[in-house]
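Student: fold the following and give me the result.
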Amino acid sequence: MSDLDGTLLGANSAISPTSVRLLNEAVAAGALFTYATARSFTSSSRVTEGLHLSIPVVTCGGTITADPDDGAPRHVQLLDESVARIISAECGRTGAVEPVWFTFEDGRDWVRWRPDRMTAGVETFTAHRAGDRRLRPITVDDPLDHASVFYITIIAARPSLVTLREALAGPLRSTAHFLNEDPNTPGLDWLEVHNQDGTKAQAVQRLMSDLRAGRLVVFGDNHNDVPMFAVADQGFAVANAVTELKAVATAVIGRHDTDAVARHIAADHQAHVEARAG
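Tutor: Below you'll find the model as predicted:
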């Protein structure tokens, strides 16, 4: 199980031809490989084009487990409606930050925001997703349904996010929330909030049970990968990972832009095949 951005994906936020070849060969030989990402299926399938996965993918931070081919949801974990309302009220009160809301309605996911309360973070997020079929602005005629929210992303300068997180300390205690850096948005960090039962760790454990898999090896680079490392048999941090993840990793491998994850998986799978044969 690998994280995507900063882990499996290269510096151009796409998977390399070498990683595609190595992973497809491992999957064809029987390896159970998939990914866990904060991205949606729409976004993650675009940057992993060419991968032939046979088991579900974990998306939106663990809140949606989806079919690897068409993105059909296998499991959706909604956020508590009261928490979504409190976050909305606090952001509206300060005016300094504004969420991007991910909702699940009519059997599919949507990306929602208030066009009348654009911030640099919201502008950056929506501008990078022009043409995305999920984009659905919040209007008077089409208001936000807080009960349908499964994920919240707030993109802003770190001091503003730290202040917001402190103001929401009480409500956030009942959620999973991560303050992450993203090299693709310099000067803007990401505060991501979702159900505490919808983390990568929870989703991976459900998938392990469904597959009756007996061993879990994970790869990551950021703070939101720490819970996933905690439930794994082995956790490998890429060389560019944050210090906190390296501290809990089994070992540190090469950088994300050197096909380190795919090379490690290919070698590990081959070693297990040879061990079984011998």
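
Student: centroid-nearest residue for this protein?
Tutor: Computing the C-alpha centroid of the chain and ranking residues by Cα atoms, centre = their mean puts residue 38 first, at 1.5 Å.

Student: my guess is that one contacts residue 192, does it?
Tutor: Yes - shown here, residue 38 and residue 192 form a contact pair, counting by Cβ atoms under 8 Å, at 6.2 Å. Where you see a C-beta, it was placed from the backbone N, CA and C, and this is true even at glycine.

Student: overlap of the contact sets of those two?
Tutor: The contact sets of residue 38 and residue 192 overlap at 61, 180, 224 (Cβ atoms under 8 Å, 6 or more residues apart in numbering).

Student: could I get those residues as TSV with neighbour count and secondary structure?
Tutor: Output for those, formatted as TSV (neighbours: other Cβ atoms under 10 Å; DSSP: H, G, I helix; E, B strand; the rest coil):
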residue	neighbour count	secondary structure
61	27	helix
180	19	strand
224	26	helix
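
Student: save those as TSV, and put in distance to residue 110 too.
Tutor: Below are those laid out as TSV (distance: Cβ to Cβ, whole Å):
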residue	distance to residue 110
61	16
180	22
224	22
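
Student: now, which of those residues sits nearest residue 112?
Tutor: Nearest to residue 112 among those is residue 61, at 16.8 Å by Cβ to Cβ.

Student: contacting residues for the nearest residue to that closest one once chain neighbours are set aside?
Tutor: Among residues not flanking residue 61 along the chain, residue 38 sits closest, at 4.7 Å (Cβ to Cβ, 6 or more residues apart in numbering). Residues in contact with residue 38, defined by Cβ under 8 Å, 6+ apart, are 5, 60-61, 180, 192, 224.

Student: now do 7 Å
Tutor: 60-61, 192, 224 (Cβ atoms under 7 Å, 6 or more residues apart in numbering).

Student: try residue 78
Tutor: Counting by Cβ under 7 Å, 6+ apart, residue 78 touches 104, 149-150, 195.

Student: turn the residues you listed into TSV, including pLDDT and secondary structure.
Tutor: Below are the contacts of residue 78 laid out as TSV (pLDDT from 0 to 100; DSSP: H, G, I helix; E, B strand; the rest coil):
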residue	pLDDT	secondary structure
104	94	strand
149	97	strand
150	95	strand
195	93	strand
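
Student: most neighbours, which of these?
Tutor: Of all the contacts of residue 78, the highest neighbour tally under other Cβ atoms under 10 Å goes to residue 149, namely 28 neighbours.

Student: correct me, but that one touches residue 86?
Tutor: No - Residue 149 is beyond contact range of residue 86, at 11.7 Å (criterion: Cβ atoms under 7 Å).

Student: so where's the protein shaky on pLDDT?
Tutor: By pLDDT under 70, the weakly predicted segments of the chain are 278.

Student: try 80
Tutor: 183, 272-278 (pLDDT under 80).

Student: where do the helices sit along it?
Tutor: Under the criterion DSSP state H, helices of the chain are mapped to 17-28, 41-47, 81-94, 120-127, 158-167, 169-172, 200-211, 226-230, 243-248, 260-277.

Student: how close does residue 74 sit to residue 67?
Tutor: Using Cβ to Cβ, to the nearest Å, one gets 6 Å for the distance from residue 74 to residue 67.

Student: quick one: common contacting residues for these two?
Tutor: Joint contacts of residue 74 and residue 67 (Cβ under 7 Å, 6+ apart) are residue 56.

Student: now stretch 17-35: buried residues?
Tutor: 19-20, 22-24, 26-27, 31-35 (16 or more other Cβ atoms under 10 Å).

Student: who's in contact with that stretch?
Tutor: Applying Cβ under 7 Å, 6+ apart, the set of residues contacting stretch 17-35 is 1-2, 4, 8, 44, 48, 50-58, 68, 211, 213, 259, 262-263, 265-266, 269, 273.

Student: for ChimeraX, what selects the buried ones among those?
Tutor: In ChimeraX, a selection of the buried entries from the contacts of stretch 17-35 looks like this (16+ other Cβ under 10 Å):
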select :1,2,4,8,44,48,51,53,55,56,57,58,68,259,262,263,265,266,269
